[in-house]
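**Student:** Coordinates only, no sequence provided:
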């Protein structure tokens, strides 16, 4: 059984990346009213990266969603010596930091990959894992997946401010564009999160259960030339095929010279008989990070029962 | 019959907008070899907005594709007082300017709208209109449309440097992403252009014919709030429906408060019995220009025969 802490505040973050428009538009809509509400807690819609939203870019100086590390938040540098995003992370941390579990963060993201609804959650966060299962079960089969982060790696993302939180990543949507279908998925996932929190706060018991999720074991870069420019692209067989199984013989890239590249050509980490699952396939913002797609394994976890009392 | 001028050089521009990746990647591919060639003329692949390509943004200071106006090119300002893009337009103009018709420009673009292959051509450019028809006929029905610019308006685009040229706009593709399907359409359109030029240069006669194209008569902006932020989005019925007929009663926006907006609500320029054709629906770069989509009419033009001799 998880530690029993009531959720008092839900911070709903839009525009942590300034060009991911579902979150920006939803948060603005809730701020302009009618407000987003829950029965048992306060809901605080909040725009994260104000400068990036103005510029309609992912970030101004650096990725805000990597600046919430303990190191950045405690840096002894004066404000004038810090990038906009580090300053903003400090401001947000002063406002929202909570170690009790009573503040929950919902961080709204978009991707150009065909992710559909992808819930991002830490494997140590049993409360949020139950929430993810609750959201997933409300969507039709195959619409909502759970991407589980583990191994104690701290990304410095917005969830570092609190004990409990998830990111809701929805795609495909181009940067700087709002699509109605994607916004509807995003809004539905947010409302299901609040529904879950209300049930929890009211003492509903969530039984012990199994969940299925995906865990990244490798990030695969594009083929590159000697200047570091991409020398090939996602193969048409893989484009838009996030979460569909791949084997060693699957074609994953087509070099600009026309040659096909298989998964076996780019990694020895996939066994001959094994199926693996790609995600973040052709995400625009990951070209600069050297990531063409993630490779994940399916994992099953058993969750203990969850009840607030 | 059009004036008979042989095409000696074809300049193929990629990266006029730095985040439109089909052109950037195709031009790089041809520069790194094997080269793009034609039988009867020189082919010059060229990267336009080098700084924007590095940044992977549409532009650095301002839209390069609006800087080729006579005013900019003849400005008496010193280089140090000019934006990067105006300087770059001057450099390119010094290299490529041609009033004889012997230099042809193919400018490669992408859009987030579901344009498929959209050929952009001036109504006064009979040579290029014939080329557009030639390209269109090689694609399957409904894949390639011709967008005709008229009325003597000069946009300051790259084609202003020469007498003959087209832009090849292919979508849907997110900014900063390369999709194999979109690049293949782009490359095919380029090769058909060169095929046409070879035929023309060899004296093949292109008979008088009719072409069907689209002409913009109105640009429609998103609903906006008092701060100028968008207050609604493209309605799901219109999303991805470029070139499909609309009437006054068609829903075109959904306001964030849930209200539907019809075409008749946003314009009186469409008659009750009339069908009009949307294009550039939800193009990312047009949010800042105040354009949610273009409204076009179908037009038919009769082209005189074309033969080089």
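**Tutor:** Thanks, I have it. Because the structure is a prediction, the values reported are computed rather than measured. Numbers count the residues shown, from 1 in each chain, chains lettered A, B, ... in the order given.
**Student:** what's the burial count for residue A:81?
**Tutor:** 10 (other C-beta atoms under 10 Å in any protein chain shown). Backbone N, C-alpha and C define where each C-beta goes, glycine included.
**Student:** before we move on, what about the one 3 residues further on?
**Tutor:** Under the neighbour criterion other C-beta under 10 Å, residue A:84 is assigned a count of 17.
**Student:** With the one 3 residues further on instead?
**Tutor:** Neighbour count of residue A:87, defined by other C-beta under 10 Å: 18.
**Student:** same thing with residue A:38?
**Tutor:** Burial of residue A:38, expressed as a neighbour count using other C-beta under 10 Å, amounts to 18.
**Student:** go on, residue A:246?
**Tutor:** Around residue A:246 there are 21 residues (other C-beta under 10 Å).
**Student:** what kind of secondary structure is residue A:178 in?
**Tutor:** Assigned with DSSP: H, G, I helix; E, B strand; the rest coil, residue A:178 falls in the coil class.
**Student:** ugh, wrong one, I meant residue A:24
**Tutor:** With three-state DSSP as the basis, the three-state label of residue A:24 is helix.
**Student:** what kind of secondary structure is the residue in the stretch 51-200 of chain A that chain B sits nearest to in?
**Tutor:** Using C-beta to the nearest C-beta, the single residue of the stretch 51-200 of chain A nearest to chain B is residue A:174, 3.5 Å away. Here residue A:174 takes the coil state, with states given by three-state DSSP.
**Student:** what's the distance between it and residue A:109?
**Tutor:** Counting by C-beta to C-beta, to the nearest Å, the separation of residue A:174 from residue A:109 is 14 Å.
**Student:** Those two: which is more packed in?
**Tutor:** A count of neighbours by other C-beta under 10 Å puts residue A:174 above the other of residue A:174 and residue A:109, at 27 against 24.
**Student:** so the more buried one makes contact with residue B:114?
**Tutor:** No - the pair formed by residue A:174 and residue B:114 falls short of the contact definition of C-beta atoms under 8 Å, at 11.4 Å.
**Student:** buried residues in stretch A:248-268?
**Tutor:** Counting neighbours by 16 or more other C-beta atoms under 10 Å in any protein chain shown, one finds that the buried residues in stretch A:248-268 are A:248, A:250-256, A:261-263, A:266.
**Student:** Any idea which helix or strand in chain A has the lowest mean pLDDT?
**Tutor:** helix A:70-73 (a mean of 83; mean pLDDT, DSSP states H and E).
**Student:** Follow the chain on from that one and name the next helix or strand.
**Tutor:** Sequence order places helix A:84-96 as the next helix or strand after helix A:70-73, per DSSP states H and E.
**Student:** elements contacting that following helix?
**Tutor:** Identification of packing neighbours for helix A:84-96 by 3 or more C-beta pairs under 8 Å, 6 or more residues apart in numbering or on different chains; DSSP states H and E yields helix A:50-55, helix A:70-73.
**Student:** how close does the closest residue to residue A:17 other than its chain neighbours sit to residue A:156?
**Tutor:** Closest residue to residue A:17 in three dimensions, ignoring its sequence neighbours and counting by C-beta to C-beta, 6 or more residues apart in numbering or on different chains: residue A:58, at 4.8 Å. Between residue A:58 and residue A:156 the computed distance is 15 Å (C-beta to C-beta).
**Student:** Check residue A:273 too.
**Tutor:** Counting by C-beta to C-beta, the gap between residue A:273 and residue A:156 amounts to 37 Å.
**Student:** Which neighbouring residues are in contact with the residue of the stretch 51-200 of chain A closest to chain B, exactly?
**Tutor:** Contact analysis of residue A:174 by C-beta atoms under 8 Å, 6 or more residues apart in numbering or on different chains lists A:112, A:284, B:112, B:172-175, B:177, B:284.
**Student:** Which residues of the stretch 201-309 of chain A lie near chain B?
**Tutor:** A:225, A:229-230, A:233-236, A:239, A:254, A:256-257, A:282, A:284-285, A:287-288 (C-beta under 8 Å from any C-beta of the partner chain).
**Student:** what about the helices in the stretch 201-309 of chain A?
**Tutor:** Under the criterion DSSP state H, counting those that start in this stretch, helices of the stretch 201-309 of chain A are mapped to A:263-266.
**Student:** circling back to that earlier point, strands - which of the residues of the stretch 201-309 of chain A next to chain B land there?
**Tutor:** Cross-referencing these against strands under DSSP state E gives A:233-234, A:254.
**Student:** Between these, which sits nearest chain B?
**Tutor:** Sorting these by how near they are to chain B, with C-beta to the nearest C-beta, puts residue A:233 at the top with 4.5 Å.
**Student:** Quick check: chain neighbours aside, which residue is closest to that closest one?
**Tutor:** For residue A:233, the closest residue by C-beta to C-beta, 6+ apart turns out to be residue B:178, at 4.5 Å.
**Student:** what about the stretch 1-150 of chain A, any weak spots by pLDDT?
**Tutor:** Screening the stretch 1-150 of chain A residue by residue with the criterion pLDDT under 70, one finds the ranges A:1-3.
**Student:** same thing but 50
**Tutor:** Judged against pLDDT under 50, the low-scoring parts of the stretch 1-150 of chain A cover residues A:1.
**Student:** Point out the residues in it that sit beside chain B.
**Tutor:** Taking C-beta under 8 Å from any C-beta as the test, the list of the stretch 1-150 of chain A residues beside chain B reads A:25, A:28-29, A:32, A:56-57, A:112.
**Student:** Does residue A:132 touch residue A:123 like I think?
**Tutor:** No - checked against C-beta under 8 Å, the pair residue A:132 and residue A:123 is beyond contact range at 11.0 Å.
**Student:** So those two - more neighbours on which side?
**Tutor:** For residue A:132 versus residue A:123, the count of surrounding residues by other C-beta under 10 Å is larger for residue A:132: 28 against 16.
**Student:** Can you tell me the element that one falls in?
**Tutor:** Using DSSP H and E, residue A:132 falls within helix A:126-138.
**Student:** Can you tell me what sits against that helix?
**Tutor:** Outside helix A:126-138, the residues that touch it by C-beta under 8 Å, 6+ apart are A:2, A:101, A:117, A:119, A:121-123, A:144-146, A:148, A:164-166, A:188-189, A:192-193, A:195-197, A:200, A:206, A:209, A:211, A:213, A:301, A:303-304, A:306.
**Student:** Flag every buried residue along that helix.
**Tutor:** Under the neighbour-count criterion of 16+ other C-beta under 10 Å, helix A:126-138 has A:126-136 buried.
**Student:** does chain B sit close to stretch A:153-171?
**Tutor:** No - Stretch A:153-171 lies apart from chain B when judged by C-beta under 8 Å from any C-beta; the minimum separation is 9.7 Å.
**Student:** Buried residues, that stretch. List them.
**Tutor:** The neighbour-count criterion (16+ other C-beta under 10 Å) identifies A:156-171 as the buried residues of stretch A:153-171.
**Student:** Check the gap between residue A:58 and residue B:101 for me.
**Tutor:** Following C-beta to C-beta, the distance that separates residue A:58 from residue B:101 is 43 Å.
**Student:** give the contact list for residue A:162.
**Tutor:** Listed by C-beta under 8 Å, 6+ apart, the contact partners of residue A:162 are A:11, A:96-99, A:101, A:103-105.
**Student:** now residue A:216
**Tutor:** Residues touching residue A:216, when contacts are defined by C-beta under 8 Å, 6+ apart, comprise A:147, A:279, A:294-296.
**Student:** Alright, that wraps it up for me.
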